[in-house]
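Enquirer: dropping a prediction and its sequence here:
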Amino acid sequence: MRLSKIHLNTLREVPGEAEIPSHIWLLRAGMIRKTVSGVYSFMTLGWRTVRKIEQIVREEMDASGAQEISTSPVQPAELWHESGRWGVYGPELWRLKDRHGREFALGPTAEEVFTDIVRSEIDSYRQLPRNIYQIQLKYRDEARPRYGLMRSREFIMKDAYSFDRDRAGLDESYLTMRAAYTKIFERCGLDFRPVAADSGPIGGKDSEEFIAFGEYGESDVLYCGACEYAATSEQAEVPDAPASDEAERPIEAVLTPGTKTIDAVAEFLGLPREQTLKALLFQIYDEAEDGTYIIREYVAAFVRGDRELNMTKLRNALGGIAEHLIEFADEAAMGAVTGSVGGFTGPVGLHDCRIVTDSEIPGLRNLCAGALREDTHYINVNYGRDWTAELVTDLKLSKAGDACPECGAPLNIARGIEVGQIFKLGTKYSEALEAVYTDENQQEQLIVMGCYGIGVTRTMAAIVEQHHDDDGIIWPLAVAPFHVIICAVKYAADEDVRRVSDDIYEKLRAAGVEVLLDDRDERPGVKFKDADVTGIPLRITVGKRAAEGVVEYKLRSAAEREDLTTDDAVARVVAAVATVSLRA
RNA sequence: CGGGGCGUAGCGCAGCUUGGUAGCGCAUCUGCUUUGGGAGCAGAGGGUCGCAUGUUCAAAUCAUGUCGCCCCGACCA
């Protein structure tokens, strides 16, 4: 295409709203435009890249045997009531009503819709397995949209759902998707890793996230340098400290004035933090039909003093409490339940609340804990003798240096962007929506499901995070809006330049290359800057030596330039583009 | 939702403390000169200062409220 005909508006300055590279460069390259917070429009070049990514996703999904369909983002509330998610999904579900007052949601995912389709269309084991997917706008009314495309309220997601006869079939479907995802993100040019993940409110057991490494990611990943183990910080198992063989000493109350924190009490008593017990008190809500919240119960959770509590593990341990239905208890509640003020909560004599504890606590001896009286702690508190918990399970938040649960080597930590996730759902939705098939013994069986998501627009942001420099974006060839840009210096004024540029342009187009000809009546500096900021991976400059048929060839990713004849330049571009097509 | 910051021309900002003719740079338009890394000169257009109420002879400026945006925390593709 001719650049003079394309709508392109690059920005010289960084818009005030942008903080991180992908947001800054996508705006400055004129690829995206904000409509309102968390909602973006894609302009000509930006949309071309979105479609490139979608195309890669589509090709690999189709190659894996999945089929593309299209459903509406408008989903009736009834389906959500059937699955039970209307009440638990929380304020992130973007709800709306029609003129009759009927309720709908804009789909944040589509498990219900796909299960609904399958339950009415699949009756026999002969129709299984199936994997169907769509690429569609999704809606999540985020508490805090952020970082441009990284966390938006409207985004493009590829969501796929697999339907199998049994668990073994699901395992196979899952591995097929895992392989397809690996290819997709490789073709997008991302540095990424699949990591074990929490399955969150969608439900199910086994799950992995595909994390693209990046400084501005919002996920913490713990990975082992010695083996293949990798997990998100919420999910990573933390091995218990070895049980103590110390003898139990008699429990004793001691005065500890003003020591409201673990650090303060440990220092005051001269104990290591490992010898203390950290208490955290939560209130759990029920959501009434009218949308109000009522406190259902209080929960006290205990971990070793030097540990951090993993909220995700706690919520899962309590039977999958939705994130918005649990929060730290306020001071007033603390007083009512513990008979004390914050900072002196402990397990001994605690009542009127559920008590859960981390799994390493029963093995530890003679800990220091709050005594439920202001300025007082107990020392030599022992599990079993002085207190017990209703639930004993791993509640520890993993951190760098913790032992790898597979091989024991110390774990490393990295930040990353979650660009995809794969789940084994099992029968959660088929049970709720009664999606069954008849097997060869004429028995009705529940369909076993998996679901698989890719954030297409987030992937676009992740690519820019990994591929940019001080001058702008450096698109990998496979997702670039155009393969090559011809910077025609003095196109309007110089007949040789025009002739040579048009010649190269036509030859490349004939060869199937996506080529952009900068035929604008602009100064050369403007053309070079625009070529750099928009990140077109290959550049041919036609200028000074046009009359003798010589042009300059340059990669966006490299500093070197090379003078070539026009035919050699065309051949180089065609060869470079061919490497991308071959990878598919 | 809690905490902090910001709303003045398409974009980036100054002006506000101490109330008195709304400004600068970029972008846009016209003309001339320029043309291998975001040109120079001359000129032109464009803003109910987020909105509402209040104080005042007078409000971009002070007060109250409200809406929007951005950043930090708890959640997710």
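Expert: Looks like it came in fine. Numbering: from 1, shown residues only, chains lettered A, B, ... in the order given.
Enquirer: near RNA strand B, which residues of the stretch 451-584 of chain A are found?
Expert: A:453-455, A:457-458, A:471, A:489-490, A:493, A:523-526, A:528-533, A:541-545, A:552, A:554, A:561 (C-beta under 7 Å from any atom of the strand). Any C-beta I mention is one placed from the backbone N, CA and C, and that applies to glycine too.
Enquirer: A:C404 and A:D123, how far apart?
Expert: In this view, A:C404 and A:D123 are 47 Å apart by C-beta to C-beta, to the nearest Å.
Enquirer: the more surrounded of these two?
Expert: Neighbours of A:C404 and A:D123, each counted by other C-beta atoms under 10 Å, are more numerous for A:C404; the result is 24 against 12.
Enquirer: related to what we said a few turns ago, among the residues of the stretch 451-584 of chain A next to RNA strand B, which are in helices?
Expert: Using DSSP state H, A:457-458, A:524-526, A:528-533 are the members of these that sit in helices.
Enquirer: element containing A:V348, please.
Expert: Secondary structure from DSSP states H and E places A:V348 outside every helix and strand.
Enquirer: what is whatever helix or strand A:R95 lives in packed up against?
Expert: Using DSSP H and E, A:R95 falls within strand A:94-97. Here strand A:94-97 touches strand A:103-106, going by 3 or more C-beta pairs under 8 Å, 6 or more residues apart in numbering; DSSP states H and E.
Enquirer: identify the residues contacting the closest residue to A:T71 other than its chain neighbours.
Expert: Leaving aside its chain neighbours, A:T71 sits nearest to A:V113 (5.1 Å; criterion: C-beta to C-beta, 6 or more residues apart in numbering). When contacts are counted by C-beta atoms under 8 Å, 6 or more residues apart in numbering, A:V113 touches A:71, A:75, A:79, A:107.
Enquirer: in a helix, the third one, correct?
Expert: Yes - counting by DSSP: H, G, I helix; E, B strand; the rest coil, A:L79 is found in a helix.
Enquirer: and it, how many neighbours?
Expert: For A:L79, the count of nearby residues is 21 (other C-beta under 10 Å).
Enquirer: does it touch A:D116 like I think?
Expert: Yes - using C-beta atoms under 8 Å, A:L79 is in contact with A:D116, at 5.8 Å.
Enquirer: strand partners (parallel or antiparallel) of the strand holding A:R95?
Expert: Applying DSSP bridges, strand A:94-97 is found paired with strand A:103-106 (antiparallel).
Enquirer: for RNA strand B, see how far away A:L318 is.
Expert: 13 Å (C-beta to the nearest atom of the strand, to the nearest Å).
Enquirer: with adjacent residues omitted, what lies nearest to that residue?
Expert: A:L318 sits nearest to A:V299 (C-beta to C-beta, 6+ apart), 6.6 Å away.
Enquirer: which pLDDT value goes with A:G450?
Expert: Per-residue confidence (pLDDT) for A:G450: 95.
Enquirer: how much space separates A:R415 from RNA strand B?
Expert: In terms of C-beta to the nearest atom of the strand, A:R415 sits 10 Å off from RNA strand B.
Enquirer: can you check A:A400 too?
Expert: A:A400 is 16 Å from RNA strand B, by C-beta to the nearest atom of the strand.
Enquirer: burial measure for that residue, as a count.
Expert: A:A400 sits with 12 neighbouring residues when counted by other C-beta under 10 Å.
Enquirer: tell me which element the spatially closest residue to it that is not a sequence neighbour falls in.
Expert: Leaving aside its sequence neighbours, A:A400 sits nearest to A:I413 (C-beta to C-beta, 6+ apart; 4.0 Å). For A:I413, the host element (DSSP H and E) is strand A:411-426.
Enquirer: report the strands that pair with that strand, each with its relative direction.
Expert: Partners of strand A:411-426 in its sheet, by DSSP bridges: strand A:207-213 (antiparallel), strand A:219-224 (antiparallel), strand A:448-455 (antiparallel).
Enquirer: will you turn those strands into TSV that also has distance to A:A480 and mean neighbour count?
Expert: Formatted as TSV, those follow (distance: least, C-beta to C-beta, whole Å; neighbours: other C-beta atoms under 10 Å):
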stretch	distance to A:A480	mean neighbour count
strand A:207-213	18	25
strand A:219-224	27	22
strand A:448-455	19	26
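Enquirer: of the ones you listed, which shows the lowest average pLDDT?
Expert: The minimum mean pLDDT among the strands paired with strand A:411-426 belongs to strand A:219-224 (a mean of 86).
Enquirer: and the next helix or strand past it?
Expert: Heading C-terminal from strand A:219-224, the first helix or strand you meet, by DSSP H and E, is strand A:230-232.
Enquirer: so which residues make contact with the strand holding A:R95?
Expert: Here strand A:94-97 makes contact (C-beta under 8 Å, 6+ apart) with A:77, A:103-106, A:108, A:139-141, A:153.
Enquirer: as JSON lines, these with neighbour count and distance to RNA strand B would be great.
Expert: Formatted as JSON lines, the contacts of strand A:94-97 follow (neighbours: other C-beta atoms under 10 Å; distance: C-beta to the nearest atom of the strand, whole Å):
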{"residue": "A:A77", "neighbour count": "16", "distance to RNA strand B": "20"}
{"residue": "A:E103", "neighbour count": "14", "distance to RNA strand B": "19"}
{"residue": "A:F104", "neighbour count": "19", "distance to RNA strand B": "20"}
{"residue": "A:A105", "neighbour count": "22", "distance to RNA strand B": "15"}
{"residue": "A:L106", "neighbour count": "19", "distance to RNA strand B": "13"}
{"residue": "A:P108", "neighbour count": "22", "distance to RNA strand B": "8"}
{"residue": "A:Y139", "neighbour count": "23", "distance to RNA strand B": "9"}
{"residue": "A:R140", "neighbour count": "21", "distance to RNA strand B": "5"}
{"residue": "A:D141", "neighbour count": "17", "distance to RNA strand B": "10"}
{"residue": "A:R153", "neighbour count": "19", "distance to RNA strand B": "7"}
